[in-house]
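>>> Turn this into a model:
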Amino acid sequence: MITALAGGVGAARLLRGMIEVLPPGDITAIVNTGDDTVLHGLHISPDLDTVMYTLADAINPETGWGLAGETWRVMESLQRLGGVTWFNLGDQDLATHCYRTQRLHEGATLGEVTRELADAWGVGIAMLPVTDDPLRTRIQPVDGDEISFQEYFVRLRHDVAVAGVRFEGASAARPGPGVLEAVDGGDLVVVCPSNPVVSIDPLLAVPGVFEHLRRRRDRVVGVSPIIAGSALKGPADRLLREMGFESSVAGVAKWYASWMGTLVVDEADAGMAEAVEHEGVRCIVAPTVMSSVKLSAELSRIVHEDVS
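Coordinates of the predicted model:
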């Protein structure tokens, strides 16, 4: 049994490869909900949906998010009306958000709705929101007032300097049903190549998750989202620097060292293996760029076999 900590495109790609290597029923993904937002009255869960669409082979391959073959009639109409259009929602994708919002209004939990949606899309792994309670990542720019994660990431295209990050609602949040059991019961806990600051840290902010991971440290293996000092996608490299860490695999190892025993780094960073191990984290060097399902599967196999 494998438990994966997931947030965003890199995580979705690793999970897509994982189901080529292991039976989907043997995989549980604990997914970030700090990116969740409400827009047009709809509850949107970007990381949950990216994982779900990718595993269903329905993802837009050009963007890594949204649905393939999407149309944008609603957004076009909203633009004519002067509505909010900085966060693009495709016509098919809107159905997911409408369904989620309806079910939440009917009293279902986010975990229950996620299971229903995953079943409808034919996703075989267990997808668990880290919490059913409100959890929101908030960004404090160097200049200006605090903003939501989606304002930072999408509206401002993460092109502002960041002074701090906090996770609103975390102290009162409870781990979602099955989350702590998955951390404790997995033969291996895999930290997918996700942004450490805003994709993985929200999971740790939910009371109990960090403590349970720390007890499993020797069975926790991560894949670095940083290759040769840079993030392949998104602002992970800049955020690490803004939080006072190196934008390198050594910086990633230092960020995770208290609860992660092994870090997989790309071949481009083979020369930094010693620096990773200096942080007390075992280092495995392997190809980590997942430009195809085949390469994702090969990486998943290395993660599973080399640590198991």
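
>>> Chain neighbours aside, what residue packs nearest to residue 221?
Spatial nearest neighbour of residue 221, chain neighbours left out: residue 262 (4.1 Å); criterion: Cβ to Cβ, 6 or more residues apart in numbering. For glycine as for every other residue, the C-beta is placed from the backbone atoms N, C-alpha and C.

>>> which strand residues sit across from that neighbour in the sheet?
When bridges are called by DSSP bridges, residue 262 pairs up with residue 221, residue 282.

>>> so how many other residues sit close to it?
Residue 262: 24 surrounding residues under other Cβ atoms under 10 Å.

>>> Next one: it, what pLDDT does it get?
Here the pLDDT value assigned to residue 262 is 97.

>>> in terms of contact, does it touch residue 284 like I think?
Yes - using Cβ atoms under 8 Å, residue 262 is in contact with residue 284, at 6.3 Å.

>>> Could you check how far residue 126 is from residue 182?
Distance from residue 126 to residue 182, counting by Cβ to Cβ, to the nearest Å: 8 Å.

>>> hey, what's in contact with both of the two?
Shared contacts of residue 126 and residue 182 (Cβ atoms under 8 Å, 6 or more residues apart in numbering): residue 28.

>>> Have a look at the two and say which one is more surrounded.
Legend: neighbour count by other Cβ under 10 Å for residue 126 and residue 182, higher for residue 182 (23 against 19).

>>> Now do the phi/psi pair for the more buried one.
Torsion angles at residue 182 (phi, psi; degrees, to the nearest 10) stand at phi -70, psi -40.

>>> doesn't residue 2 make contact with it?
No - applying Cβ under 8 Å, one finds residue 182 not in contact with residue 2, separated by 9.5 Å.

>>> overlap in contacts of the two?
Residues within reach of residue 182 and of residue 2 at once, by Cβ under 8 Å, 6+ apart, are residue 28.

>>> tell me the phi and psi of residue 147?
phi -130, psi 170.

>>> For the chain, give me the ranges with low pLDDT.
For the chain, residues meeting the criterion pLDDT under 70 lie at 306-308.

>>> can you map out the helices along it?
9-21, 46-55, 73-81, 91-105, 110-120, 149-150, 179-185, 201-205, 209-215, 236-242, 249-256, 273-278, 293-307 (DSSP state H).

>>> Export these as JSON lines, with columns for distance to residue 224.
Below are the helices of the chain laid out as JSON lines (distance: least, Cβ to Cβ, whole Å):
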{"stretch": "helix 9-21", "distance to residue 224": "10"}
{"stretch": "helix 46-55", "distance to residue 224": "19"}
{"stretch": "helix 73-81", "distance to residue 224": "35"}
{"stretch": "helix 91-105", "distance to residue 224": "30"}
{"stretch": "helix 110-120", "distance to residue 224": "27"}
{"stretch": "helix 149-150", "distance to residue 224": "22"}
{"stretch": "helix 179-185", "distance to residue 224": "21"}
{"stretch": "helix 201-205", "distance to residue 224": "15"}
{"stretch": "helix 209-215", "distance to residue 224": "17"}
{"stretch": "helix 236-242", "distance to residue 224": "10"}
{"stretch": "helix 249-256", "distance to residue 224": "5"}
{"stretch": "helix 273-278", "distance to residue 224": "9"}
{"stretch": "helix 293-307", "distance to residue 224": "11"}
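
>>> Alright, that wraps it up for me.
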